[in-house]
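**Student:** here is my input, please return the structure:
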Amino acid sequence: MKKKTFKKGIHPYDGKELTMEIPIRCIDAEDIMVYPLSQSIGEPSKAVVAVGDRVLKGQMIAQANGIISAPIFSAVSGTVSAIEKRVTVDGIADDCIVIENDRQEETVEDFGKDRDIDDLSKDDIVNIVKGAGIVGLGGAGFPTGVKISPKNAEEIDTLIINCAECEPYLTADYRLMIERCDEILKGVKAVLKALPNAKAVIGIESNKPQAIDLFNEKIAGEEKISVCPLKTKYPQGGERQIIYAITGRKINSKMLPADKKCIVVNAATCYAIYEAVYKNMPLIHKVVTVTGEGANSPCNLDIPLGISHAYLVENAGGIKEEATKIISGGPMMGVAMTGFDAPVVKTSAGVLAFVNDDVAAMKESACIHCGKCVSVCPQFVVPQMLAKSVRAQSFDKFEALGGMECIECGCCTFVCPAKIPLTQMFRLGKSKVREMWEKN
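**Tutor:** Numbering: from 1, shown residues only. The predicted model follows:
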């Protein structure tokens, strides 16, 4: 069977063999838990607790602050010791709720109580997902309750379950697929109930044959769920790319998937939906990967949200002294870290440690107009022209050249022989265009 895919893209070394066969291991919470109020796309959440308050595990500590926003919940019981600015993984000082863990594990009423989906309406499911603070766990962080309740919900015909996990080295979603397949499928069925005219397609890259076989076995007899093997290529898991690969439909930066009658939900997000709908549990934990040649014991960990990266790394066995570069997330879309104090949030994917930093070892040189960046761009823009407009601070031209279509996948930077930091330049360009929009 021919594997479906999108046009262009790259085939980087994926490094998944380091952790692909390592089962998920759960770790306990830290003594001090930190919750930034900005953990999703949209407005930061608004604190609903004060210093000195005692909170319970599963208690809302910050509420949604607008339509595109999501509440935040405590993963521990304890006392709010501070609400203050702390530096997050992207280097920005953000308002954070700090909780001292009392180790009592006292939960809110009905936490973890079984719920029968047959007793729930589609509106019930949407409200549960919104109320549980679930956002896209594949990295984008868009509030899931908003995503699964579009204005044209009756028109949505395709629910795509993004199980590609195309980012090199990361295997957290893969282990979820292998170990918690039944729960993911229950999450899928919950979303299907919210989108009554949709059928679900589970898109899995061909480098995960065990997951493809397992899902095919589990969905035998299901009329509204199918599996679609995808070609192993980066960025296959990009929202626009997976929509095109599975349906042939194209979307751009001015459109939502719902405009093309599609909704895309990540595998880990489906698991969080299962816990919210079936088990009455808000989003307070997730599975992440700690990996790379610089990690002592590459692994997949189920961690409480709010722990520090330092605690995460410690529980993973530590980082080798010779590690030269540490990334929060994967090598293509992750963020280089200068320390481990930042808290783990909803959109954190894990930690990647390199012993050899090939990028840092090579100096940037002038563009030679080789066209390699153009040949791999999945959005069909011309990176070398966009880079020229950013250098000239001509952000009107950057927009006119299609700069806002960039999905920041990093393909152009990866293949550039001149080692020009194209992706970083385009992030700057997009932020400047958004500033222009706000002024106008």
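**Student:** OK, contacts around Gly187?
**Tutor:** Residues near Gly187 by CB atoms under 8 Å, 6 or more residues apart in numbering: Thr269, Cys270, Tyr271, Ala272, Ile273, Tyr274, Val277. (Each C-beta comes from the backbone N, C-alpha and C, glycine too.)
**Student:** farthest-apart pair in these, please.
**Tutor:** Farthest-apart pair in the contacts of Gly187 is Thr269 and Val277; separation 12.2 Å (CB to CB).
**Student:** of these two, which one has the most company?
**Tutor:** The neighbour count for Thr269 versus Val277, taken as other CB atoms under 10 Å, is higher for Thr269 (29 against 25).
**Student:** what stretches of the protein score poorly on pLDDT?
**Tutor:** 1, 358-362 (pLDDT under 70).
**Student:** helices of that one, residue ranges please.
**Tutor:** 122-131, 144-147, 172-179, 181-194, 209-218, 239-247, 267-279, 309-315, 358-361, 372-376, 383-391, 395-400, 411-415, 422-439 (DSSP state H).
**Student:** now do the last one: distance to the chain's middle.
**Tutor:** Spelled out, that is helix 422-439. Offset of helix 422-439 from its chain centre (CA atoms, centre = their mean, to the nearest Å): 21 Å.
**Student:** counting contacts, what elements does that helix pack onto?
**Tutor:** Helices and strands touching helix 422-439, by 3 or more CB pairs under 8 Å, 6 or more residues apart in numbering; DSSP states H and E, are helix 383-391, helix 395-400, helix 411-415.
**Student:** excluding chain neighbours, what is closest to the most far-flung residue of the chain relative to its centre?
**Tutor:** Most distant residue from the mean C-alpha position of the chain: Ile368, 34.5 Å away (CA atoms, centre = their mean). In space, and not counting its chain neighbours, Ile368 is closest to Ala418: 6.1 Å by CB to CB, 6 or more residues apart in numbering.
**Student:** same deal with Val415?
**Tutor:** Val415's closest residue in space is Lys372 (CB to CB, 6+ apart), at 4.5 Å.
**Student:** hang on, isn't the one you found packed against Phe414?
**Tutor:** No. Contact between Lys372 and Phe414 fails when scored by CB atoms under 8 Å: they sit 9.4 Å apart.
**Student:** my guess is Ala200 contacts Cys228, does it?
**Tutor:** No. The pair Ala200 / Cys228 is not scored as a contact, 10.2 Å apart, by CB under 8 Å.
**Student:** for Pro209, give its distance to Asn216.
**Tutor:** Using CB to CB, to the nearest Å, we find Pro209 at a distance of 10 Å from Asn216.
**Student:** neighbour count for these two, which is higher?
**Tutor:** The neighbour comparison of Pro209 against Asn216 (other CB under 10 Å) goes to Asn216, with 14 against 11.
**Student:** list the contacts for Thr79?
**Tutor:** Contacts of Thr79 (CB under 8 Å, 6+ apart): Gly52, Asp53, Arg54, Val55, Ile99, Glu100, Asp102.
**Student:** residues contacting the first one?
**Tutor:** Residues touching Gly52, when contacts are defined by CB under 8 Å, 6+ apart, comprise Thr79, Val80.
**Student:** please redo it, this time with the cut-off set to 10 Å
**Tutor:** Thr79, Val80, Ser81 (CB atoms under 10 Å, 6 or more residues apart in numbering).
**Student:** gap between it and Thr423?
**Tutor:** Gly52 sits 44 Å away from Thr423, going by CB to CB.
**Student:** try the fourth one
**Tutor:** When CB to CB is the yardstick, Val55 and Thr423 sit 39 Å from each other.
**Student:** same question for the fifth one.
**Tutor:** According to CB to CB, Ile99 stands 35 Å off from Thr423.
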